[in-house]
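Asks: This is the structure alone, sequence omitted:
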Ligand code: HEC
Ligand code: HEC
């Protein structure tokens, strides 16, 4: 990705071209939420179901995946090995109340115990790593890669994960159980896998503190809305004055192939950079870097403006616009 600054003009022309190409690609179904649903109908002729026929085997979600819906998928399919995880509110309530007599429990804790999801229940003891409450396990991973790992039992590095029968390298495709009208059924719908991926993805935010989602939302709203828009569609009040346009975070396909490590670096450096450090490049696929990452834009460098902690909150702020969460 490295580029020589004195070739800027050529680069700019090339960028113009690639923006043109990318906007053509977007109009064919890789772009905004709106464009995707409508244009997929056209572009999927000859492709199975909701699977997009481009560059990768991952069937991208058409709308917002939901960590909220992922909770019951997780509890039904994954908790037997990975242990139970709570929402931020449940976690705070549980920690404050676990040693109190039952009459003093809040409604939240009563419900938790009624659903049998409380952490001291031996049924849901965590038997395997990682601990999803800690964020370390996912900084260098993409949601797309985790989708692949769960769906097929393997990721692109050849790492294996057990499936429904406990066998390593076995995928959950078609077998993962989802909640439909109060019943757990294997629907074969890949959205259940997206939902559960974002559920585990977001446990570290829920685990950090009950206000972490709000703090992340605030850092984003105060600094990024003006260009990227409230919902991250790239349509903030300033967007029309900019070329290239601010990134549309509802390009789920791009976001699903992006690591938090990359987002943090990109937010810190802004739009004027010459090369991406090797340590960050290797966390993403070459295709994703080529398709979604653009240089020489008016994106500000936030490293002198926001603290390190605020920039990580901005990462969560950006990411939290790409899935439904508590
Ligand atoms: C039979 C036990 C078992 C079940 C059931 C199970 N997992 Fe896992 N999972 C594991 C093991 C073992 C690992 C690897 C741990 C390691 O590498 O240290 C793992 C790792 C993971 C990771 C981390 C991957 C990474 O790249 O670091 C994720 C995410 C994950 N599992 C999600 C799920 C989800 C979602 C489900 C439910 C659909 C699920 N697991 C069901 C045993 C299980
Ligand atoms: C002055 C307008 C402006 C502001 C303010 C702004 N951005 Fe940007 N941003 C841009 C432009 C323009 C791009 C380049 C679009 C591209 O690369 O396709 C961009 C790109 C990005 C990207 C790169 C996405 C990718 O995958 O390559 C990220 C991440 C990002 N912005 C996050 C943020 C965050 C977080 C904030 C607030 C802390 C912010 N931006 C504030 C204009 C802005």
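Replies: Alright, I've got the coordinates. Since the model is a prediction, treat every value here as computed from it, not as a measurement. Numbers count the residues shown, from 1 in each chain. Ligands and ions are numbered 1, 2, ... in the order given.
Asks: So which bits of stretch 129-137 are buried?
Replies: 132, 133, 135, 137 (16 or more other CB atoms under 10 Å). Quick note: C-beta positions are derived from backbone N, CA and C, even for glycine.
Asks: I figured the second one was touching residue 204, is that so?
Replies: Translated: residue 133. Yes. Here residue 133 reaches residue 204: they are 5.8 Å apart, a contact under CB atoms under 8 Å.
Asks: so where is the chain shaky, pLDDT-wise?
Replies: Judged against pLDDT under 70, the low-scoring parts of the chain cover residues 1-57.
Asks: spatially speaking, which residue is in the middle of it?
Replies: Compute the mean C-alpha point of the chain, and by CA atoms, centre = their mean the closest residue is residue 143, 5.0 Å away.
Asks: so who does the closest residue to that residue other than its chain neighbours touch?
Replies: With CB to CB, 6 or more residues apart in numbering as the criterion, residue 143 has its nearest non-adjacent residue at 4.6 Å, and that residue is residue 256. With contact taken as CB atoms under 8 Å, 6 or more residues apart in numbering, residue 256 is in contact with 58, 60, 61, 142, 143, 144, 147, 322.
Asks: Run the contact check for stretch 155-171 versus ligand 1.
Replies: Yes. Judged by CB under 6 Å from any ligand atom, stretch 155-171 comes into contact with ligand 1 at 161, 162, 166.
Asks: wait, stretch 134-152
Replies: Yes. Contact between stretch 134-152 and ligand 1, assessed by CB under 6 Å from any ligand atom, occurs at 137, 141, 146, 149, 150.
Asks: For the stretch 201-326 of the chain, what lies in contact range of ligand 1?
Replies: For the stretch 201-326 of the chain, the contact set with ligand 1 under CB under 6 Å from any ligand atom is empty.
Asks: residue boundaries of the helices in the stretch 201-326 of the chain?
Replies: 212-223, 225-228, 252-256, 260-269, 278-281, 286-292, 308-319 (DSSP state H, counting those that start in this stretch).
Asks: okay, now the closest residue to residue 262 other than its chain neighbours: neighbour count?
Replies: Of all residues beyond its chain neighbours, the one nearest residue 262 is residue 280 (5.4 Å), with distances taken as CB to CB, 6+ apart. Counted with other CB atoms under 10 Å, residues neighbouring residue 280 total 18.
Asks: that older thread, format the helices of the stretch 201-326 of the chain as JSON lines; extra columns: distance to ligand 2.
Replies: Output for these, formatted as JSON lines (distance: least, CB to the nearest ligand atom, whole Å):
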{"stretch": "helix 212-223", "distance to ligand 2": "4"}
{"stretch": "helix 225-228", "distance to ligand 2": "3"}
{"stretch": "helix 252-256", "distance to ligand 2": "6"}
{"stretch": "helix 260-269", "distance to ligand 2": "5"}
{"stretch": "helix 278-281", "distance to ligand 2": "12"}
{"stretch": "helix 286-292", "distance to ligand 2": "5"}
{"stretch": "helix 308-319", "distance to ligand 2": "4"}
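Asks: ok, now which ones touch the residue in the stretch 201-326 of the chain that ligand 1 sits nearest to?
Replies: When CB to the nearest ligand atom is the measure, the stretch 201-326 of the chain has its nearest residue to ligand 1 at residue 201, with 8.0 Å between them. If you count contacts by CB under 8 Å, 6+ apart, residue 201 has them with 67, 138, 143, 146, 323.
Asks: can I get those in a markdown table with secondary structure?
Replies: Formatted as a markdown table, the contacts of residue 201 follow (DSSP: H, G, I helix; E, B strand; the rest coil):
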| residue | secondary structure |
| --- | --- |
| 67 | helix |
| 138 | coil |
| 143 | helix |
| 146 | helix |
| 323 | coil |
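Asks: Which one of those residues is nearest to ligand 2?
Replies: Of all these, the one sitting nearest ligand 2 is residue 143; the distance, using CB to the nearest ligand atom, is 13.2 Å.
Asks: My guess is that closest one contacts residue 253. True?
Replies: No. Using CB under 8 Å, residue 143 makes no contact with residue 253, being 10.6 Å away.
Asks: In terms of helices and strands, where is residue 178?
Replies: strand 177-180 (DSSP states H and E).
Asks: Establish whether that strand and ligand 1 are in contact.
Replies: No. Between strand 177-180 and ligand 1, judged by CB under 6 Å from any ligand atom, nothing touches; the nearest distance is 9.0 Å.
Asks: domains for the chain, by residue range?
Replies: Under the assignment named as automatic domain parsing, the residue ranges that make up the domains of the chain are 5-54+211-319, 67-208.
Asks: got the end-to-end distance for the last one?
Replies: So the one you mean is domain 67-208. Here the two ends of domain 67-208 are set 16 Å apart, with distance taken as CA to CA, to the nearest Å.
Asks: How about residue 237, nearest residue that isn't a chain neighbour?
Replies: According to CB to CB, 6+ apart, the nearest residue to residue 237 is residue 226 (5.9 Å).
Asks: and that neighbour, how many neighbours?
Replies: For residue 226, the number of neighbouring residues by other CB under 10 Å comes to 13.
Asks: Go ahead and confirm it touches residue 234.
Replies: No. Residue 226 sits out of contact with residue 234 when judged by CB under 8 Å, with a separation of 11.7 Å.
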